[in-house]
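>>> Make a model of this:
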Amino acid sequence: MDHLWQPISDLPQPRESLADPQVKSVIDVWHQRFAELREREEFKTFLLKLRRQWAIETGVLERLYTVTEGATRALIEQGLDAALLSHNDTDKPPDYVMALIRDQHNVIEGLYQFVSGERQLSKSYICELHQALTTHQPTYDAVDFLGNPTVAEMVRGKWKTFRNNVELPGGALFEFCPPEHVEAEMDNLIRMHASHVAEGVAPEVEAAWLHHRFTLIHPFVDGNGRVARALATLVLLRANWLPLVVTRDDKPGYLQALRAADSGDIRPLIGFFGDLQRRAVRGALSLSEEVALEAVAIKGLLMAVSHKFAKRRQDLLTAYQRAVTTTDAMFELTRQRMEEVCTEVDQTIKREKATFNARVDLGLRSDRKGAWNRWQIVQCAQQLGYYADLQVHPSWVELRIETEDWVGILIAFHGIGRGWSGLIGAVPMAYRKGLGEGGVRQVVEVKPLAIEPFEIGFTGDPIEIEQRFRKWLETAIIHGLQYWQEQV
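So this is what the prediction gives:
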């Protein structure tokens, strides 16, 4: 069906219900750590790489160019140097691609300056963004009046003067704002955004709304997606969050969330932006510490944390204890549910063979077993892209199913990031043990049962956290049993 243009709509009520409590919990931790991290060279380097990634990927998303993953990694790690990009790394002339990337990098650097200067969002600034993003883009792909593909000259920093609707797969038409209404619609966008800022709308909610409503207006002949992501990033930076980095791997989820917003449901896009922010924060919190804490026992870690932050945050230990108390409750909930499932599994497999066995094993943070399963946990964390600190609340619950091959469904609790970052994570995984040399069983595969850990911060309502955790846990167990079923 055709998507016909309508004037942009405001955020639905109640707006406070649109924000994800888990995102707020993670950001609370981030704000606690930001003052400490901002002065460290590792963090400054992390931000530089994040901005380079933003600059490269925003053009890849719009199919302005392609860049191989190897070249992308080199440009992120070593800098935006044209010598790092060869003809084999991209589908366009390397010098042209690097000029576009540098334009986009200049824009994100400018966003930081805009925020530090406490400027207010305006139509003129949005036009500045577009002009800066398209400085070295001479043309864009268009369609002529007869519907034929053509190449048109880029008009920079000015509203469109003709319709730029797109044809969807299947022949349906997606109609953007007509040129004669662009000025009024941009006025409405700026006015609504200002009211949201005054109201204190959650940053990920406002970023998603501003991004989506801007794309519905589509005020420029080309480059609207890049401007939309810049505007969303601006909202997040103003709240002392991290840039919105949408990579080529994120594109399917990104487009799906945008289509849901087109149909009137903006929640998936808000959730998508929140998930990206949590991923960025996990990366920042996983930076190396000045002092390795690998061999420090949990009691020693608490003392180290207490001494390290005593002058700056006297209540940090209390915050840690709040997170531990909440985590202990989630651990007990996990134990109870795993034992219930274990009973059913054990009855099922014993009907097949009496020697088959299912049992629950526990690793408590208060005993030596809390350090067991270390290899599986580290492997799982690496696959999910974060640092698992096994000195912070190391504990786990395991459902072990012993048939021909042993399968373990493991829920592990540990710190996220090095040292006490403010977050404790629960990560679900399944692993398989097979017979190795000498008849000794060894782990042959580790598979995460979720795309990210469940994060427990020192803020948040314990009842609300428990409700979310129950649903998360049930999904993880189901995925673990499905993994086991595949091995049978």
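>>> would you say residue 347 is within a strand?
No: under DSSP: H, G, I helix; E, B strand; the rest coil, residue 347 sits outside any strand and is assigned helix.
>>> Low-confidence ranges, the stretch 101-250 of the chain, go.
Low-confidence segments of the stretch 101-250 of the chain (pLDDT under 70): 146.
>>> The spatially most central residue of the chain: what's it in contact with?
The residue lying closest to the centre of the chain (C-alpha atoms, centre = their mean) is residue 276, at 2.1 Å. The contact partners of residue 276, by C-beta atoms under 8 Å, 6 or more residues apart in numbering, come to 244-246, 250. C-betas here are computed from N, CA, C, even on glycine.
>>> Pull the contacting residues for residue 6.
For residue 6, no contacting residues are found, by C-beta under 8 Å, 6+ apart.
>>> and stretch 231-243, which residues are buried?
Counting neighbours by 16 or more other C-beta atoms under 10 Å, one finds that the buried residues in stretch 231-243 are 231-239, 241-243.
>>> Name the residues that touch that stretch?
Counting by C-beta under 8 Å, 6+ apart, 27, 30-31, 34, 50-51, 54, 108, 111-112, 114-115, 121, 126, 129, 203-204, 206-208, 210-211, 214, 244, 273, 277, 280-281, 284 sit against stretch 231-243.
>>> Can you dump the C-alpha atoms of the strand or helix carrying the residue nearest to the centre of the chain in CSV for me?
Assessed by DSSP states H and E, residue 276 sits inside helix 267-285. Extracted C-alpha coordinates of helix 267-285, given in CSV (Å, rounded to 0.1, in the frame of the first residue of the first chain):
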residue,chain,number,x,y,z
ARG,A,267,8.9,2.1,20.3
PRO,A,268,11.1,-0.3,18.3
LEU,A,269,13.2,2.6,17.1
ILE,A,270,13.6,3.9,20.6
GLY,A,271,14.6,0.5,21.8
PHE,A,272,17.1,0.2,18.9
PHE,A,273,18.7,3.5,19.8
GLY,A,274,18.8,2.5,23.5
ASP,A,275,20.5,-0.8,22.6
LEU,A,276,23.2,0.9,20.6
GLN,A,277,23.9,3.3,23.4
ARG,A,278,24.2,0.4,25.9
ARG,A,279,26.6,-1.3,23.5
ALA,A,280,28.7,1.9,23.3
VAL,A,281,28.8,2.3,27.1
ARG,A,282,29.8,-1.3,27.6
GLY,A,283,32.7,-0.6,25.2
ALA,A,284,33.8,2.4,27.2
LEU,A,285,33.5,0.6,30.5
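>>> what's the closest non-adjacent residue to residue 215?
Among residues not flanking residue 215 along the chain, residue 228 sits closest, at 5.0 Å (C-beta to C-beta, 6 or more residues apart in numbering).
>>> Tell me the gap between the one helix or strand the one you found maps to and the middle of its chain.
Secondary structure from DSSP H and E places residue 228 in helix 224-238. On the basis of C-alpha atoms, centre = their mean, to the nearest Å, helix 224-238 sits 16 Å off its chain's mean C-alpha point.
>>> quick one: it to helix 267-285, angle?
Counting by axes from the mean of the first three to the mean of the last three C-alpha atoms, to 10 degrees, helix 224-238 lies at 60 degrees to helix 267-285.
>>> The next helix or strand after helix 224-238 packs against which elements?
Note on helix 224-238: by DSSP H and E, the next helix or strand toward the C-terminus is helix 251-262. Secondary-structure packing of helix 251-262 (3 or more C-beta pairs under 8 Å, 6 or more residues apart in numbering; DSSP states H and E): helix 203-217, helix 267-285.
>>> List the buried residues in the longest one.
By neighbour count on 16+ other C-beta under 10 Å, the buried set for helix 267-285 is 267-285.
>>> next one: it to chain centre, how far?
Counting by C-alpha atoms, centre = their mean, helix 267-285 comes out at 3 Å from the chain centroid.
>>> who's in contact with residue 149?
Residue 149 neighbours (C-beta under 8 Å, 6+ apart): 141-143.
>>> Might you report the residue contacts of residue 379?
By C-beta under 8 Å, 6+ apart, the residues touching residue 379 are residue 446.
>>> check which helix or strand covers it.
Judged by DSSP H and E, residue 379 forms part of helix 374-384.
>>> again, but for residue 398
Using DSSP H and E, residue 398 falls in strand 395-402.
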